[in-house]
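A.B. asks: what's the 3D shape of this:
(one chain, ligands or ions: 1)
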Amino acid sequence: MLHAAGFFPYGIVGGSTNLEEANAHLQAWACSHSRSSLARALEGGLDFLDGLIIPHTCDTMRMLLDLWAQIHPLPYMENFRLPRQVNRSSARRYLLGELTRIKEGLEEYRGAPIKNEELIRSIELYNQNRKMLRKLNNLHSRYPGLFSSRQLYTVINASMIMPREEVNRLLQVSLEQLEEKENKEAKNGHMPLLMSGTLLEPFEVLDYIEEFGGTVVADDFQNGYRYIEADVSTAEDPLEALAERQLNRIPSAAFDVEYNPRRHFLTGMAKEKKATGAILLHLTFCEPENFDGYDNLKAMQAEGFPAIRIESQFGGTGLGQARTRIHAFMEMIGGGSR
Ligand code: SF4
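C.D. replies: Numbering: from 1, shown residues only. Below is the predicted model:
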């Protein structure tokens, strides 16, 4: 919708390690994602933005907009109040109302209506982006020697902050080159792993996994597979189609459905991708993940997948400990240094 309105959508996923000023505004239990994102704004790293939309994924996000508006206001600021219980019969109607409200606000800000043709053009562009990223993801899980897990997730994250037209052009070229190479550089001996969590951070964990012979072949991160797994239909009303996608995305800790279907999704994905183990990355103080994390760990272990839970932080702290634990885990499941 932002793209259709002529704006440049830029996904903020943390970014600053200088947290001192943000610490003065946030409670000790706020997660490091919110903290480092706010810190980045306070140090001027987001001054190119006209506006900010914060989705309601947890209480921290719900309150962050008001705080941000007081200490570092932008011309356009809005909450995106997503339905939390996505399988309720009222969720669709509620979400459509919310999407309409956001659309009207953007129209007022840009001074012109957002036409359906504009929305459909943008939906097609984003679908194309996700389709190519899924291809890249599949190539990586089939042929881990082609490029590293860190490279894969760097490209996915770049797609959240670069103009999508440019990303798609670069992806097209890269995919053609990689597809030509795939038979030659398929590499054996890597141990396929599943990762799970709210956000993939820090990326150094991917280096440690590869250092000890692993490859990430499946995940459910917001800045990973969850970002690319589903497209938006172009056969129906654009707002209805956007709502439909949101309500049918893969399970996430932030959007509740009774009986935590996420653990079944994760074990199913681990089986499908023939994972030899799972690393659950738990962003410290991520409130929704606190509720899911233990269930997910136990479900993986009950299905016979060795699994560990590692605490992570935006800001690069605790890396040494993460490396040691990943090393021990990889040795336990039969990996080791490459
Ligand atoms: S969902 Fe988790 S990671 Fe995201 S803002 Fe809330 S607490 Fe932080």
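
A.B. asks: any idea where the strands of this protein begin and end?
C.D. replies: Residue ranges of the strands in the chain, as given by DSSP state E, are 51-55, 76-80, 191-196, 214-219, 277-283, 307-312.

A.B. asks: buried ones in the least confident helix or strand in the chain by mean pLDDT?
C.D. replies: Lowest mean confidence among the helices and strands of the chain (mean pLDDT, DSSP states H and E): helix 164-185, at a mean of 88. Under the neighbour-count criterion of 16 or more other C-beta atoms under 10 Å, helix 164-185 has 164, 167-168, 171, 178 buried. Every residue, glycine included, has its C-beta placed from N, CA and C.

A.B. asks: of the residues you listed, closest to S36?
C.D. replies: V167 (23.5 Å; C-beta to C-beta).

A.B. asks: could you count how many residues lie near the closest residue to that closest one other than its chain neighbours?
C.D. replies: With C-beta to C-beta, 6 or more residues apart in numbering as the measure, S159 is the residue that lies nearest to V167, at 4.9 Å, once sequence neighbours are left out. The tally of other residues near S159 (other C-beta atoms under 10 Å) stands at 24.

A.B. asks: same check, this time on K298
C.D. replies: Here the count is done by other C-beta under 10 Å, and K298 has 12 residues near it.

A.B. asks: tell me who's in contact with it.
C.D. replies: For K298, the set of contacting residues under the criterion of C-beta atoms under 8 Å, 6 or more residues apart in numbering consists of R263.

A.B. asks: where does the stretch 101-250 of the chain get nearest to the ligand, residue-wise?
C.D. replies: Proximity to the ligand, evaluated over the stretch 101-250 of the chain using C-beta to the nearest ligand atom, is greatest for T198 at 4.4 Å.

A.B. asks: okay, now that residue: neighbour count?
C.D. replies: Here the neighbour count serves as a burial measure; for T198 (other C-beta under 10 Å) it reads 27.

A.B. asks: what does L95 give?
C.D. replies: L95 is flanked by 22 other residues according to other C-beta under 10 Å.

A.B. asks: need the nearest residue in space to it, chain neighbours excluded.
C.D. replies: Counting by C-beta to C-beta, 6+ apart, the nearest residue to L95 once its immediate chain neighbours are dropped is A243, at 4.5 Å.

A.B. asks: residues in contact with the one you found?
C.D. replies: Listed by C-beta under 8 Å, 6+ apart, the contact set of A243 reads 92, 95-96, 99.

A.B. asks: pLDDT at the closest residue to the ligand within the stretch 151-300 of the chain, what is it?
C.D. replies: In the stretch 151-300 of the chain, no residue comes nearer to the ligand than C286, which is 3.3 Å away by C-beta to the nearest ligand atom. According to the model's per-residue confidence, C286 sits at a pLDDT of 95.

A.B. asks: that one is in contact with A253, isn't it?
C.D. replies: Yes - using C-beta atoms under 8 Å, C286 is in contact with A253, at 7.4 Å.

A.B. asks: okay, and the common contacts of the two?
C.D. replies: By C-beta under 8 Å, 6+ apart, C286 and A253 have these common neighbours: T198.

A.B. asks: so those two - more neighbours on which side?
C.D. replies: Between C286 and A253, C286 has the larger neighbour count (other C-beta under 10 Å), namely 26 against 23.
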